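In: I'll drop the sequence and a predicted model, then ask my questions.
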Amino acid sequence: MLYALAFFFSWAAAAWGAEPLPVITTSTDLRSLVEVVGGERVQVESLAPPLQDPHALEVKPGQLAKLKATALLVRIGLDHEPWLGPALRTVKDPRFARESPHYLDASKGIVLLQSETPRVGADKGAHLHGFGNTHYWLDPENSRHITAAILEALARLAPADRNYFEANRKRFLGQLDERFKGWLRAMAPLKDTRVVVFHESWPYFTQRFGLIIVAAVEPTPGVPPSPSYLASLIQKMRDSGIRLLITEPYSNASVVKQLATQSGARIVTLIPSVGGDSAASDYLSLFDLNIKRLSQAAAPGQ
Ligand SMILES: [Zn+2]
């Protein structure tokens, strides 16, 4: 093992020298957090674009070539990226083995929500979140853990830059603490507001900021609702006076419209990933924007 690690280190140093380390992430949120820690010492690209269902992606040949050339792959993990396994099998690079310094699964050590969800068999391939909810980056507190893991991964590949990475992360955490106070203040009037979500992207966010998810439009994650499920959901929303329906930019527009019209709930389209809106250009501004949208939608007289 030690020999293998020494080989990886010398290989990394020889391959990149003073050049920025090429890093591939599976999401734009992870890209933003790698940039926070790595600064000018990294060159980061995300496989998934921000405005697409993150669970469904076709990795392009050009992206496979970049995977082969990358120093580090950072992923959300669990079953969030069912498309990554086939891509890695095509690339067939031993550097992406689980314990390799070139591979970082950011879910390690995260306290998962909905981990009681039963795992399903291969016959229900569309069911996601089988190991727990994978949208953990949407609790800003989890960025402490994610950036710590990124720091360790980068410092293993570029040990001479450890102090630089540490200083970058420390500055980010200072900004996070400052912004967090404002987010809590803005969200305080919405405490205990009951909401319906389209996909189960928001349990970490709502738990952190005090909203209550009463139902999801997808009966199980990744599965479209049947007409009878929709009818019962609309009735439930009316009976419980649900005011807000949280959707994503790529949610099925006709289903969203039908639900909002028939239940009387207001649609709030939140941005699940960095870059999904020009105002959400990095990890911290993603929360600025979503909290602003929620506050505006919940304001009286809207
Ligand atoms: Zn999901």
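Out: Thanks, I have the structure now. Numbering: from 1, shown residues only.
In: least confident secondary structure element in the chain?
Out: Lowest by mean pLDDT, DSSP states H and E among the helices and strands of the chain is helix 2-16, with a mean of 52.
In: residues touching the following helix or strand past that one, excluding its own?
Out: Later in the chain than helix 2-16, the nearest helix or strand by DSSP states H and E is strand 21-25. With contact meaning CB atoms under 8 Å, 6 or more residues apart in numbering, strand 21-25 is reached by 12, 16, 31, 34, 38, 41-47, 63, 66-67, 69-75, 154, 157-158. To be clear about C-beta, it is placed using only N, CA and C from the backbone, and glycine gets the same treatment.
In: next, count neighbours for the nearest residue to residue 209 once chain neighbours are set aside.
Out: Distance criterion CB to CB, 6 or more residues apart in numbering; nearest residue to residue 209, sequence neighbours excluded, is residue 187 at 4.2 Å. Residue 187: 21 surrounding residues under other CB atoms under 10 Å.
In: ok, residue 187 touching residue 290?
Out: No: the pair residue 187 / residue 290 is not scored as a contact, 10.0 Å apart, by CB atoms under 8 Å.
In: next, the buried residues of stretch 150-169.
Out: Within stretch 150-169, the residues that count as buried by 16 or more other CB atoms under 10 Å are 150-151, 153-158, 161, 164-165, 168-169.
In: of those, which belong to helices?
Out: Counting by DSSP state H, the buried residues of stretch 150-169 place 150-151, 153-157, 164-165, 168-169 in helices.
In: quick one, what contacts residue 213?
Out: 194-197, 200, 202-203, 206.
In: what is the nearest of those residues to residue 221?
Out: Relative to residue 221, the closest of those is residue 200; by CB to CB it sits at 5.1 Å.
In: name the helix or strand for that closest one, please.
Out: Using DSSP H and E, no helix or strand contains residue 200.
In: could you pull out the helices for the chain?
Out: Using DSSP H, helices in the chain cover 2-16, 28-38, 61-69, 84-91, 142-157, 162-187, 203-209, 227-239, 253-263, 283-298.
In: tell me which of those helices lies nearest to residue 52.
Out: helix 28-38 (10.2 Å).
In: extract the C-alpha set from the closest one and format it as CSV.
Out: Output in CSV follows, covering the C-alpha atoms of helix 28-38 (Å, rounded to 0.1, in the frame of the first residue of the first chain):
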residue,chain,number,x,y,z
THR,A,28,-21.1,22.1,-10.3
ASP,A,29,-21.6,22.4,-6.6
LEU,A,30,-18.5,20.2,-6.0
ARG,A,31,-16.7,22.2,-8.7
SER,A,32,-17.4,25.4,-6.7
LEU,A,33,-16.2,23.9,-3.5
VAL,A,34,-13.0,22.5,-5.1
GLU,A,35,-12.3,26.0,-6.5
VAL,A,36,-12.9,27.5,-3.0
VAL,A,37,-10.1,25.3,-1.5
GLY,A,38,-7.9,24.8,-4.6
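In: mind starting the numbering at 39 from now?
Out: New numbering, starting at 39: the last item is helix 66-76.
In: please point out which parts of it sit buried.
Out: Applying 16+ other CB under 10 Å to helix 66-76 flags 66-76 as buried.
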